[in-house]
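Novice: fold the following, please.
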Amino acid sequence: MLLKNEKVFAIIEEPEAHLYPCLQKDVIEFISYFMNKTESTVFITTHSPYILTSINTLYCAGKTVREFPQRLDAVSRIVGEYVAISPETLSAFKIEPEGNVIDLCDNEMNEINTELIDEVSDQVSQKYMDLYWLQERERDVPNGKKEE
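Specialist: Numbering: from 1, shown residues only. Prediction:
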């Protein structure tokens with residue numbers, strides 16, 4: 001497809017499978033490069049905040065080029081050539097367990113709301129902080145006396 005410069009519609013399920021986060025970023029950059037070079041359409045399913053954040057960065061690059069075309073070379077130096085995602089070509093959605101579909105594209109901020117796919121980080125962080133403060137309270141109790 002890429003070597004023949006053929007336009008395709010590709011479906012890629014869970015490109016993050018078995019990859020470290022830095023390689024997930026590289027895969028997204030390759031997919032974006034492929035899309036731009038062949039004018040193809042790609043549909044991706046993911047559970048990875050790294051994938052979504054990587055896409056968001058390339059989406060930001062595309063917005064920058066659209067708004068400031070004279071900065072194409074600078075954007076290419078930052079993210080790479082032919083990887084910026086044109087804003088009008090991107091859609092991102094989350095399907096909740098109940099079947100509700102949430103649009104992840106924040107039109108006001110012009111970015112993907114990546115927090116909506118990474119709520120588990122907040123939950124894990126909250127549990128960690130609860131344990132941390134529990135330990136701190138125990139350390140502050142003189143001579144092991146129980147708090148009242």
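
Novice: so who does residue 112 touch?
Specialist: By Cβ atoms under 8 Å, 6 or more residues apart in numbering, the contact list for residue 112 reads 52, 55-56, 59, 90, 92, 104-106. Every residue, glycine included, has its C-beta placed from N, CA and C.

Novice: so, low pLDDT: which residues of the protein?
Specialist: 1-2, 143-148 (pLDDT under 70).

Novice: quick one: the strands in the protein?
Specialist: Here the chain has its strands, by DSSP state E, at 9-13, 41-45, 93-95, 101-103, 105-106, 111-112.

Novice: which other helices and strands does the second one contact?
Specialist: Taking 3 or more Cβ pairs under 8 Å, 6 or more residues apart in numbering; DSSP states H and E as contact, the helices and strands that strand 41-45 lies on are strand 9-13, helix 21-38.

Novice: who touches it?
Specialist: 8-15, 31, 34-35, 51, 55.

Novice: hmm, 6 Å instead?
Specialist: 9-13, 31, 35 (Cβ atoms under 6 Å, 6 or more residues apart in numbering).

Novice: go on, the first one?
Specialist: The set of residues external to strand 9-13 that reach it, using Cβ under 6 Å, 6+ apart, is 41-45.

Novice: ok, and the most crowded of these?
Specialist: Tallying neighbours with other Cβ atoms under 10 Å puts residue 44 at the head of these, with 19 neighbours.

Novice: tell me the bridge partners for it.
Specialist: residue 12 (DSSP bridges).

Novice: distance of it from residue 18?
Specialist: Counting by Cβ to Cβ, to the nearest Å, the gap from residue 44 to residue 18 is 16 Å.

Novice: please name the nearest non-neighbouring residue to residue 122.
Specialist: residue 115 (7.9 Å; Cβ to Cβ, 6 or more residues apart in numbering).

Novice: what do you get for residue 72?
Specialist: Closest to residue 72 by Cβ to Cβ, 6+ apart is residue 65, at 5.4 Å.

Novice: and the one you found, how many residues sit next to it?
Specialist: 20.

Novice: now stretch 45-57, how far from the chain's geometric center?
Specialist: 3 Å (Cα atoms, centre = their mean, to the nearest Å).
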